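Q: Provide a 3D model corresponding to the input given below.
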Amino acid sequence: MPGPISALVKPGNPSASDLRRVDSDNAADALFFTPDGVLHGPEAIRGVFENLLREFAKPGASITSKKRVIEGDYAYSVFSAETPDNSYELANDVFVVRNGSIQMQAFTAKVRRK
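A: Alright, predicted model coming up:
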């Protein structure tokens, strides 16, 4: 499933086009649920992905998909990831996609700082 998470696995430094893609993948009224609260709209969501893109652009960063299920407008993903800064021991993304845009994303992870 294309979307913001796919931008994380690109090697190299994040670019402005990566962030524009994150913005364009989300609906104008998109919701992003995190353990810290709910973000509303692409502008608020952008900050999360600026940090993630920066972290995953570092050498040695990797994502290992454990499970990916897509049913109509819904997607569920379980993965682990490693960066020089953090170990994402178990992470989960849930998406609702309508008319080609992410309407809702929920993310949670067990993160261990290195």
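Q: ranges for the helices of this structure?
A: 4-8, 16-25, 41-56 (DSSP state H).
Q: which of these sits most buried?
A: helix 4-8 (a mean of 21; mean count of other CB atoms under 10 Å). Bear in mind the C-beta positions are built from the backbone N, C-alpha and C, glycine included.
Q: what about that helix, average pLDDT?
A: When pLDDT is averaged along helix 4-8, the result is 45.
Q: in the chain, where is pLDDT below threshold?
A: Flagging of the chain using pLDDT under 70 yields the residue ranges 1-18.
Q: quick one: the strands in it?
A: 26-34, 37-40, 62-71, 74-82, 86-98, 101-113 (DSSP state E).
Q: tabulate those (a markdown table), appending mean neighbour count and distance to residue 50.
A: Listed next are the strands of the chain as a markdown table, based on neighbours: other CB atoms under 10 Å; distance: least, CB to CB, whole Å:
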| stretch | mean neighbour count | distance to residue 50 |
| --- | --- | --- |
| strand 26-34 | 17 | 13 |
| strand 37-40 | 12 | 13 |
| strand 62-71 | 11 | 18 |
| strand 74-82 | 17 | 17 |
| strand 86-98 | 16 | 16 |
| strand 101-113 | 16 | 15 |
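Q: can I get those strands in CSV including distance to residue 20?
A: Below are the strands of the chain laid out as CSV (distance: least, CB to CB, whole Å):
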stretch, distance to residue 20
strand 26-34, 11
strand 37-40, 18
strand 62-71, 21
strand 74-82, 22
strand 86-98, 18
strand 101-113, 14
